[in-house]
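> pasting the sequence and the predicted model now:
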Amino acid sequence: MTTTQVRATCPHDCPDTCALLVTVSDGVATEVKGDPDHPTTAGVLCTKVSRYTERTYHAERLLYPLRRVGKKGEGKFVRISWDEALATIAARLGDIAARAPQAILPYSYCGTMGLVQGESMSARFFHQLGASLLDRTICASAGGTGYRYTVGATIGTDLEQFQNAKLILIWGGNPIASNLHFWTRAQEAKRRGAKLIAIDPYRSLTAEKCHQHIALLPGTDAALALGMMHVLIAEDLLDDDYIARYTLGFEALRQRAAEWPPERAAEVCGLTVAEVVELARLYGQTAKDGGAVAIRANYGVQRVHGGGMSVRTIACLPALIGAWRHAAGGIQLSSSGSFPVNREALQRPDLLKETPRTINMSTIGDDLLREASAEFGPKVAAVIVYNANPLAIAPDSAKVAQAFAREDLFTVVLEHFQTDTVDYADIVLPATTQLEHVDAHLAYGHLYMMANNAAVAPMGEAKANTEVFRLLAERMGFDDPCFKESDDALAARAFDAGHARAVHFDWEALKQKGWQKLAMPDAPFAAGGFPTPSGKCEFYSATMKADGYDPLPTYIAPHESRASNPELAAKYPLAMISPPARNFLNSTFVNVKSLRAAEGEPHLDIHPDDGAARGIVHGDMVRIFNARGSFVAKARVTDKARVGLVVGLSVWWKKLAGDGKNANEVTSQRLTDMGRGPTFYDTLVQVEKAAV
Ligand SMILES: Nc1nc2c(c(=O)[nH]1)N[C@H]1C(S)=C(S)[C@@H](COP(=O)(O)OP(=O)(O)OC[C@H]3O[C@@H](n4cnc5c(=O)[nH]c(N)nc54)[C@H](O)[C@@H]3O)O[C@H]1N2
Ligand SMILES: Nc1nc2c(c(=O)[nH]1)N[C@H]1C(S)=C(S)[C@@H](COP(=O)(O)OP(=O)(O)OC[C@H]3O[C@@H](n4cnc5c(=O)[nH]c(N)nc54)[C@H](O)[C@@H]3O)O[C@H]1N2
Ligand code: SF4
Ligand SMILES: [Mo]
């Protein structure tokens, strides 16, 4: 028996991007461990990925190309050869492209975060074809846009510094579930005497373990931040020197904050005045006393109408108190902007003959149902899905299902498993997993460039995404040499080695070592140097003004809340959020038995008062509904959900839920204020006992 250890990288859409060591015995991966030497992984993986071989060798892995024989959505297929699959796809895409190439749409997201198996050969292929571009907004575009207006780029506090903070605000995140290796650092900070505060409408696993939990109403974060600014300014808890040197627009901000006395903020947020005032005092005073003050801002904040403005507003706070002076101070939303990714080289936008239209993945339901028009262009005639499961994860799911059920829509899905989306495919192509292909990775929670080596041979007839698009390019007669590039050649282009932060980048060396930290200063904005137009932290943003926004921090109310839409709230009085379940990763892993067993079944957490008002007791099956749709879940009557809030941890595969539906039946396709993002957590519903 020969046993080897292969260096790999967790591919999942998680900020931690762990370094993996895969044990391979006689060509079979027998164990996946965290690399003990990688500074942020530190030998620890989450439950999901420590059981990775269970997913890779799952009995239901797709191993051969399939052609649909049943109705769309029914999930009936027959095995076909790769030759037939590729010929069918090339012929259909060729026909459509001859008429209207923009009628072809790629739909993909972060099933793998790999720069190679994500958008490299696939992007080249669709660019050459002239297909519609996809606006990849489903996760981070609202907050990213907001953060960039204030700070300039998604660069922030280094994960490896948080243990030195004296105060950490965990704002709209549940790291125990979704950012484990940050939580390790936060706990170390706690042991060293730091205070941890969770700002979250729900008493999440994380909120439960913090010193304090501030349970504001969903979508009101900017109001809380404005109230904090008011107190910081009124009580002179500012770093005047930092403000004078490294920020822009303080006078204007002072006036804006004056409009937000803590009473007003408390009212909007559904908090007590003391909660707002004391939070601000602790935030300002800890910095005054010389302690590092950090914010871990996360995605919970941005899935609402004003999500972009909320992040933009929160991102102003560290500069007011000079928190950036400390390496362990400041704010981290995402570290992705730190990486000099060579997207042009990977994706070759120069292959486009003209700029096609862009379709927003967050409104895929409506857009696939849109007829041709002068404004929209051709009706979408083909959609190629990879690294994504839109039937489960896209909002307003009934529309999405209706759209994918279109008989005249040609649908190809590249997948590991027969997901809800696969059920609607005309042709299904089996994809390799991370253990079977090569990739290069950035991270959005740390600062290491990462390499993934293939540990085992592809299962069955599975092919890497890149290989599928190379083969399709060949069938379609695309003769640019770029369509012949190997995965290693692509990976070697992943980072710009000419960039000061990536000077160490050498693919062969990275493959050997597994990871390499970017060259970044410990405290990126200790002396200003913000990558904004002014070079300062922009309290006032002329760019925002030019883009049609309020140039100053402000509060934008949810589309759907009691305060902003009382008429709707009269029918659907409860705010619903559907954040990630700990044992799933978006909809990935839901079909892994041991992990699904840990989640049990779809639940809805509801406050005892809201339960009592509806005659609902713990364990009842309940129907959650609004005008868009409904789904059924088992009620957990608990004060983890504040009054007026219900929580359905997600994202379930619809077909593995009792009623074949999930939380996205009730979420809407309305978009965020900026970044064109989805508003999953901006949803009013009613709940009743389900008829059994
Ligand atoms: N186990 C696991 N890990 C994951 C994922 C997963 O599905 N499962 N998903 C991955 C992905 S794609 C992402 S984007 C990240 C997400 O990472 P996080 O943003 O950390 O996601 P959550 O863990 O759900 O934390 C969001 C928290 O925000 C709260 N929240 C909801 N609405 C609001 C609001 O309006 N304001 C505030 N302040 N809080 C609010 C929710 O109650 C929830 O506790 O996690 C990644 N990691
Ligand atoms: N209600 C509600 N909906 C949500 C969210 C929420 O909090 N609440 N979160 C949203 C967020 S933050 C996000 S990021 C999106 C995520 O939405 P998606 O990016 O669609 O993520 P997944 O549901 O995990 O689906 C990814 C799929 O890619 C497949 N895959 C993985 N690796 C490969 C590969 O190498 N090749 C191919 N071909 N396929 C691969 C996996 O098997 C999996 O089925 O969901 C969003 N939807
Ligand atoms: S999902 Fe996140 S925590 Fe789990 S192994 Fe992957 S990167 Fe690490
Ligand atoms: Mo996400």
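Looks like it came in fine. Ligands and ions are numbered 1, 2, ... in the order given.
> was I right about residue 140 contacting residue 302?
Yes - with contact taken as Cβ atoms under 8 Å, residue 140 and residue 302 are classed as touching, separated by 7.4 Å. Quick note: C-beta positions are derived from backbone N, CA and C, even for glycine.
> who's more crowded, the two?
Shown here are residue 140 and residue 302; by other Cβ atoms under 10 Å, residue 302 has more neighbours (35 against 22).
> please list all residues in contact with that one.
140, 142-143, 146, 172, 308, 310-311, 672, 677 (Cβ atoms under 8 Å, 6 or more residues apart in numbering).
> now, those residues that are in helices?
Of the positions in the contacts of residue 302, 142-143, 146, 308, 310-311 sit in helices, assigned by DSSP state H.
> hang on, residue 301 in a strand?
No - under DSSP: H, G, I helix; E, B strand; the rest coil, residue 301 sits outside any strand and is assigned helix.
> just the helices in the stretch 401-550 of the chain please.
Ranges of helices in the stretch 401-550 of the chain, per DSSP state H, counting those that start in this stretch, are 465-475, 487-491, 507-513, 542-546.
> closest to residue 192 out of these?
Within the helices of the stretch 401-550 of the chain, the stretch nearest residue 192 is helix 507-513; the backing value is 30.7 Å (Cβ to Cβ).
> tell me which of the helices of the stretch 401-550 of the chain lies nearest to ligand 1.
Ligand 1 lies closest to helix 465-475 among the helices of the stretch 401-550 of the chain, at 18.7 Å (Cβ to the nearest ligand atom).
> any low-confidence regions in this structure?
The chain contains no residues with pLDDT under 70.
> any idea which residue of it lies closest to ligand 2?
Closest point on the chain to ligand 2, by Cβ to the nearest ligand atom, is residue 111, at 2.1 Å.
> quick one, phi/psi of that residue?
The phi and psi values for residue 111, taken as degrees, to the nearest 10, are phi -50, psi -40.
> tell me, how many residues neighbour it?
27.
> residue contacts, it?
So residue 111 contacts 11, 13, 386-389, 588 (Cβ under 8 Å, 6+ apart).
> just those residues now: which is nearest residue 637?
Distance ranking of the contacts of residue 111 against residue 637, using Cβ to Cβ, places residue 588 first at 29.6 Å.
> quick check: that closest one touching residue 14?
No - under the criterion of Cβ under 8 Å, residue 588 makes no contact with residue 14, lying 10.1 Å away.
> winner for burial among the helices of the stretch 401-550 of the chain?
Stretch with highest mean neighbour count among the helices of the stretch 401-550 of the chain: helix 465-475 (a mean of 22; mean count of other Cβ atoms under 10 Å).
> farthest pair in the contacts of residue 111?
The span of those, defined through Cβ to Cβ, is set by 11 and 389 at 14.9 Å.
> how many neighbours does the spatially closest residue to residue 176 that is not a sequence neighbour have?
Once flanking residues are discounted, residue 176 sits nearest to residue 205: 4.3 Å by Cβ to Cβ, 6 or more residues apart in numbering. Using other Cβ under 10 Å, residue 205 has 16 other residues around it.
> so what strands line up beside the longest strand seen in the chain?
The longest strand of the chain (DSSP state E) is strand 629-637. Paired neighbours of strand 629-637 in the sheet (DSSP bridges): strand 603-606 (parallel), strand 621-626 (antiparallel).
> residue 125: which of those strands is closest?
So among these, strand 621-626 is nearest, using Cβ to Cβ, at 39.4 Å.
> contacts for that closest one?
Residues outside strand 621-626 that contact it (Cβ under 8 Å, 6+ apart) are 571-572, 576, 604, 606, 616, 630-635, 646, 648, 658, 663, 666, 683-692.
> out of those residues, which end up buried?
572, 576, 604, 606, 616, 630-635, 646, 648, 663, 666, 683-687, 690 (16 or more other Cβ atoms under 10 Å).
> okay, now the domains of the chain?
Domain segmentation of the chain under automatic domain parsing yields 3-56, 66-139+347-435+459-486, 142-333+533-546, 566-689.
> give the buried residues for the helix or strand containing residue 222.
Assigned by DSSP states H and E, residue 222 falls within helix 221-234. The neighbour-count check on helix 221-234 (16+ other Cβ under 10 Å) flags 221-233 as buried.
> report how many residues lie close to residue 251.
Residue 251: 9 surrounding residues under other Cβ under 10 Å.
> need the three-state assignment for it.
For residue 251, the assignment made with three-state DSSP gives helix.
> equivalent analysis for the one 4 residues further on, please.
Under the three-state scheme (three-state DSSP), residue 255 adopts helix.
> sorry, back to before: make a markdown table out of the contacts of residue 302 and add distance to ligand 2.
Formatted as a markdown table, these follow (distance: Cβ to the nearest ligand atom, whole Å):
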| residue | distance to ligand 2 |
| --- | --- |
| 140 | 7 |
| 142 | 11 |
| 143 | 11 |
| 146 | 16 |
| 172 | 12 |
| 308 | 15 |
| 310 | 16 |
| 311 | 14 |
| 672 | 13 |
| 677 | 9 |
